[in-house]
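*Asks:* Task: produce atomic coordinates for the following.
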Amino acid sequence: MSWETPRTWVAGELVTATLLNTHLRNNLNALKAPPSAHVEPVKATYYTTSSTVFVDVDGGLLSLSLYTNGGDVMVHFSGTLAHSAATGRFFLDVELDGERIGGDDGLLVGEGIPVQPMSFTHLVTGLPAGEHDFRLQWKTTAAYAGLFAADGATNANVHPQFWVREVS
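*Replies:* Numbers count the residues shown, from 1 in each chain. Coordinates of the predicted model:
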């Protein structure tokens, strides 16, 4: 349900159920449940990349579409990552409508072999009303990086979260 511009009431105007529902109930519902999208992929194995340029982690599962009313959107990722090399780095970013929102090296960087919980929350401001596509992307410096998402894997049964939510 989208936000309706509140009515300017006039003295002596007959207030009907339809007017109240449109301007009070519907707007309260819009505030309570803003547009959002969420995914927690469960796979048979974990994700890996050896790409040194940003690519989609999973163009199907870790790609979200959101129809907004216009304004700000909060983007969040949390997951468990590791690299195959002690000095190898991995980078995470989000592509929004075909353009990455982070700098040259994205929104987050991790380094090394130890398994690491990683997360970021990023506020995107001033989006116009309409449908927007968000894709989680990553790259690595060498060898390969991995994102845990395996169901039933011994000592690795953890799942990433990726979500977007309109906040204004």
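*Asks:* rest of the way, CA atoms for contacts and neighbours
*Replies:* Noted.
*Asks:* Now the helix-or-strand element of the chain with minimal mean pLDDT: buried residues?
*Replies:* Confidence across the helices and strands of the chain bottoms out at helix 26-32, with a mean of 81, counting by mean pLDDT, DSSP states H and E. For helix 26-32, burial by neighbour count (16 or more other C-alpha atoms under 10 Å) applies to 26, 27, 30.
*Asks:* same thing with stretch 14-27?
*Replies:* 22, 23, 26, 27.
*Asks:* got these as a markdown table, with distance to residue 15 columns?
*Replies:* Shown next, in a markdown table, are those (distance: C-alpha to C-alpha, whole Å):
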| residue | distance to residue 15 |
| --- | --- |
| 22 | 11 |
| 23 | 11 |
| 26 | 16 |
| 27 | 17 |
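*Asks:* Now do the least confident helix or strand of the chain: which elements does it pack against?
*Replies:* Packing contacts for helix 26-32, counted by 3 or more C-alpha pairs under 8 Å, 6 or more residues apart in numbering; DSSP states H and E, involve no helix or strand.
*Asks:* what's the following helix or strand after that helix?
*Replies:* Once the chain leaves helix 26-32, the next helix or strand it forms, by DSSP states H and E, is strand 36-39.
*Asks:* With just CA atoms, put that next one into CSV.
*Replies:* The C-alpha atoms that make up strand 36-39 are tabulated as CSV, following Å, rounded to 0.1, in the frame of the first residue of the first chain:
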residue,chain,number,x,y,z
SER,A,36,10.8,-4.1,1.6
ALA,A,37,12.4,-7.2,0.2
HIS,A,38,14.4,-9.9,1.9
VAL,A,39,16.3,-13.1,1.1
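*Asks:* In the sheet, which strands lie alongside that strand, parallel or antiparallel?
*Replies:* Paired with strand 36-39 in the same sheet, following DSSP bridges, are strand 161-166 (antiparallel).
*Asks:* ok, residue 44 touching residue 150?
*Replies:* Yes: counting by C-alpha atoms under 8 Å, residue 150 is a contact partner of residue 44 at 5.1 Å.
*Asks:* Those two - which one has more neighbours?
*Replies:* Using other C-alpha atoms under 10 Å, the more surrounded residue of residue 44 and residue 150 is residue 150, with 20 against 10.
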